[in-house]
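Engineer: Below are the sequence and a predicted model for it; my questions follow.
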Amino acid sequence: MKTIETTRSSSVPDEDLAGFEVADSVWRLDLDYYRGFIESVTGTSPDRNPSASDCYRIGNRLEAFIDEKQRAGEWTEDLIEGYSEMDSLRQVYWLAQFFRQCHEQCLKSRP
């Protein structure tokens with residue numbers, strides 16, 4: 001399993017979401033679990049050590065996907081039926097938030 005991790009912000013849910021792990025101050029994402037969805041929606045194949053720009057690009061495209069589907073009235077549970085790894089719309093939302101948090105952490109860790 002390939003994972004990437006970021007610092008857990010206070011807004012990260014404690015709920016159990018497939019492909020995510022929350023422990024103390026760390027938030028982990030099972031990259032293999034979500035790779036197909038990320039590639040399909042964003043056109044980007046993230047690696048295990050994404051750069052700040054990679055995280056920004058993925059997060060931005062996921063947020064754009066959410067916005068487009070909401071504006072079109074397609075932001076319903078039916079939307080995720082085409083994606084076997086997705087169980088709920090909340091996963092899509094938290095996936096976008098994960099990459100936003102990853103982007104912010106990458107920027108903070110620059111010298």
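Structural biologist: Looks like it arrived, so ask away. Numbering: from 1, shown residues only.
Engineer: Helix or strand: which one has the spatially most central residue of the chain?
Structural biologist: In the chain, the C-alpha nearest the mean C-alpha coordinate belongs to residue 95, at 2.0 Å (CA atoms, centre = their mean). If you go by DSSP states H and E, residue 95 is part of helix 89-108.
Engineer: All the strands of the protein, residue numbers only.
Structural biologist: Along the chain, counting by DSSP state E, strands occupy 3-7, 20-23, 26-30.
Engineer: and the second one, what other elements does it pack with?
Structural biologist: Packed against strand 20-23 by the contact rule (3 or more CB pairs under 8 Å, 6 or more residues apart in numbering; DSSP states H and E) you find strand 26-30. No exception for glycine: its C-beta is placed from N, CA and C like everyone else's.
Engineer: and the strand it packs on, average pLDDT?
Structural biologist: The average pLDDT within strand 26-30 is 85.
Engineer: which other helices and strands contact it?
Structural biologist: Contacts defined by 3+ CB pairs under 8 Å, 6+ apart place strand 26-30 against strand 3-7, strand 20-23, helix 89-108.
Engineer: Partner strands of the second one and their direction?
Structural biologist: For strand 20-23, sheet partners with direction are given as strand 26-30 (antiparallel), following DSSP bridges.
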